[in-house]
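Undergrad: Got a predicted structure plus its sequence, pasted below:
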Amino acid sequence: MRTRLTLATLVVAVALVAATCGSSDDDTTASSNGDVRTIEIEMRDIAFAPDAITVPAGEEVRLVFHNTGRVDHDAFIGDGRAQADHEVEMNDDGGMHHGGDSDAITVEPGDTATLTHTFEPGDDVLIGCHQPGHYAAGMRISVTAD
């Protein structure tokens with residue numbers, strides 16, 4: 001009887017923890033000050049996690065990039081044409097700069113960096129990594145602004 005009671009208590013405790021931690025398809029969390037929504041993004045070797053996000057249209061969003069990979073990674077915000085242009089610029093420059101673009105960062109292995117952006121309704125936006133070969137390998141995030 002004692003084993004059943006212990007097991008039942010354990011099951012209830014696990015269920016409560018799961019319910020409070022929970023998970024969501026919305027990979028966003030509100031910041032502590034409530035003013036800016038923050039989205040945590042992991043930069044792995046040749047991949048972002050998550051690879052698709054939904055953001056509130058017209059609101060400022062803080063994108064926090066954590067490079068858990070072994071090489072430098074970029075995050076560049078722009079539509080498909082801007083991504084293609086940026087890919088050419090980065091390849092011409094050996095992947096060394098973003099041309100002063102405020103919607104682009106480079107994050108070294110083990111580091112974290114932040115971009116803040118307001119996405120407009122209907123924007124067809126991607127976030128891409130343009131280190132040599134990364135974008136071509138599919139290292140991008142699809143962004144939907146609702």
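TA: Looks like it came in fine.
Undergrad: can you pull the contacts of the nearest residue to Gly128 once chain neighbours are set aside?
TA: Nearest residue to Gly128 in three dimensions, chain neighbours excluded: Arg140, at 4.4 Å (C-beta to C-beta, 6 or more residues apart in numbering). Bear in mind the C-beta positions are built from the backbone N, C-alpha and C, glycine included. Residues near Arg140 by C-beta atoms under 8 Å, 6 or more residues apart in numbering: 48, 51, 83, 126-129.
Undergrad: mind checking pLDDT for Arg140?
TA: Note on Arg140: pLDDT of 97.
Undergrad: just for this protein, where's the confidence low?
TA: 1-34, 93-101 (pLDDT under 70).
Undergrad: what about Gly110, neighbour count?
TA: 10 (other C-beta atoms under 10 Å).
Undergrad: Three-state assignment for the residue most central in space within the chain, please.
TA: Taking C-alpha atoms, centre = their mean, the centroid of the chain lies closest to Ile41, which sits 2.9 Å from it. Counting by DSSP: H, G, I helix; E, B strand; the rest coil, the backbone at Ile41 sits in strand.
Undergrad: The residue nearest to it when sequence neighbours are not counted: helix or strand, and which one exactly?
TA: Ranked by C-beta to C-beta, 6+ apart and with sequence neighbours excluded, the top spatial neighbour of Ile41 is Phe65, at 5.1 Å. In the assignment (DSSP states H and E), Phe65 maps to strand 60-67.
Undergrad: Sheet-wise, list the partners of that strand with their directions.
TA: Sheet pairing here is set by DSSP bridges, and for strand 60-67 it gives strand 37-44 (parallel), strand 112-118 (antiparallel).
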